[in-house]
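Enquirer: Predicted model, plus sequence, below.
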Amino acid sequence: MISFIIIGKNEGWKLTKCFKSIFKTIEFNELTEYEVIYVDSRSTDDSIERARKFEKIKIFKLTRDMNAAIARNVGADNSSGDTLFFIDGDMEIIPEFLQLVYSGKAGLSHDFISGQFLDYNYDINKNFINKKLYHKISEGGNKEFVVGGLFIIKKYFWKLVGGMKNHLRISEDIDFGLRLAKKGVALIRKNELLARHHTISYSDDNRIWADILKGNEMYRGLLLRENIFNIFQWKLFIRENYTFFTMVALIFISVIIKSVLVLFPYLILVIVRAFKKRSKSLKNLLNISSYFIVRDISVALSFMLFWPKKNKDINYINIK
């Protein structure tokens, strides 16, 4: 049996598209043993009403602490399937993908699997910008440790690492993948299209600074500290945060030789990184450069000082 577990908060029309795509997937693959679970993180729009319009959906609503990790854990805890299909509420599933990896008789072909996303990018005002493939995947697929919000996993392996950590507001999926990798289980990412993803562009200026103001970037340092002895983390973390490591190294050197001029190469590296982000103007270049500097400082501070409460309560109600 396969359990489709959707999480969402204020997804509106995207959530309706998500549900429709799941039931199309069920029909296309002629599934007879399945369940659809929606976990809502206290939406203030009509998300729950949209979910109620579909039959055979179990609806749960978080009533206290909420984040993606908690929502997924609630969905998994209330599931009956031996295969869990996790989906973010802003995604449309491509029905043809599932037949490549799952059948009602044989179950899931791999322990842990996902596919390609086609991102439909919008600005902060919900205006469509462009669409493009998100992952770089080789022809035969990739073995990865970065998960994302869309994946299929055998329930045994979900339970093997205890699901996701409730105290991680951000990067909970990366932490989950790293802990599974330590158990010898890698994510198989196939190059076939699994979903259309409707999202605010990850390079949108408003989005990146909102992450800073919300404290989301603090979880980068927390992720590093909690997985400090996990060898699978280092390649990923260095690739994503190489300016941070440069900053730390040069700060140590500057203290030893008592000269702040040593930090100049760090500033050059940040500007080069911002330029690679295809900054379109001097203003944009300075904005992105400032973001990387603030982010690197946040990582350093959070690694040493950020200790969020770990025993988050899970409180929810069953609506349908």
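Expert: The structure has been received and is ready for your questions.
Enquirer: mean confidence for the lengthiest helix in the chain?
Expert: Across the chain, the helix with the greatest residue count (assigned by DSSP state H) is helix 282-305. The average pLDDT within helix 282-305 is 92.
Enquirer: Just give me how far that helix sits from the chain centre.
Expert: Offset of helix 282-305 from its chain centre (C-alpha atoms, centre = their mean, to the nearest Å): 21 Å.
Enquirer: List the neighbours of that helix that are in contact with it.
Expert: Helix 282-305 is touched from outside by 205, 208-209, 212, 217-222, 224-225, 241, 243-244, 247-248, 270-271, 273-275, 277, 279, with contacts defined as C-beta atoms under 8 Å, 6 or more residues apart in numbering. All C-beta spots, glycine's among them, are computed from the backbone N, C-alpha and C.
Enquirer: could you pull out the strands for the stretch 151-300 of the chain?
Expert: Under the criterion DSSP state E, counting those that start in this stretch, the stretch 151-300 of the chain carries strands at the ranges 151-154, 187-200.
Enquirer: Which residues are in contact with the residue nearest the centre of the chain?
Expert: With distances taken as C-alpha atoms, centre = their mean, G148 lies nearest the centre of the chain, 3.5 Å away. Going by C-beta under 8 Å, 6+ apart, G148 touches S114, F117, D173.
Enquirer: Please narrow the residues you listed to those residing in helices.
Expert: Under the assignment DSSP H, the contacts of G148 contribute D173 to helices.
Enquirer: Most neighbours out of the contacts of G148, which is it?
Expert: Most neighbours among these, by other C-beta atoms under 10 Å: S114, with 27 neighbours.
Enquirer: Find the nearest non-adjacent residue to that one, please.
Expert: Ranked by C-beta to C-beta, 6 or more residues apart in numbering and with sequence neighbours excluded, the top spatial neighbour of S114 is F151, at 4.3 Å.
Enquirer: F245 too?
Expert: I238 (6.4 Å).
Enquirer: thinking the one you found is in contact with V248, fair?
Expert: No - using C-beta atoms under 8 Å, I238 is not in contact with V248; the gap is 11.9 Å.
Enquirer: higher neighbour count, those two?
Expert: Higher neighbour count among I238 and V248: V248, with 16 against 11, using other C-beta under 10 Å.
Enquirer: which residue sits closest to that one in space, ignoring its chain neighbours?
Expert: Closest residue to V248 apart from its sequence neighbours, by C-beta to C-beta, 6+ apart: A300 at 6.6 Å.
Enquirer: ok, now I317?
Expert: Nearest residue to I317 in three dimensions, chain neighbours excluded: K61, at 5.4 Å (C-beta to C-beta, 6+ apart).
Enquirer: Return the set of residues that bridge with that neighbour.
Expert: K61 has these beta-bridge partners by DSSP bridges: D40, I317.
Enquirer: Could I get the full set of helices for this protein?
Expert: With DSSP H as the criterion, the chain has helices spanning 13-28, 47-52, 68-77, 95-101, 155-160, 172-182, 205-213, 218-226, 231-240, 242-257, 264-276, 282-305.
Enquirer: Mind listing what's buried along the first one?
Expert: Buried residues in helix 13-28, counting neighbours by 16 or more other C-beta atoms under 10 Å, are found at K14, L15, T16, K17, C18, F19, S21, I22, F23, T25, I26.
Enquirer: what angle sits between that helix and strand 187-200?
Expert: With axes from the mean of the first three to the mean of the last three C-alpha atoms, to 10 degrees defining the directions, helix 13-28 sits at 140 degrees from strand 187-200.
Enquirer: In terms of secondary structure, what does helix 13-28 contact?
Expert: Here helix 13-28 touches strand 2-8, strand 34-40, helix 47-52, strand 83-88, strand 91-93, helix 95-101, strand 187-200, going by 3 or more C-beta pairs under 8 Å, 6 or more residues apart in numbering; DSSP states H and E.
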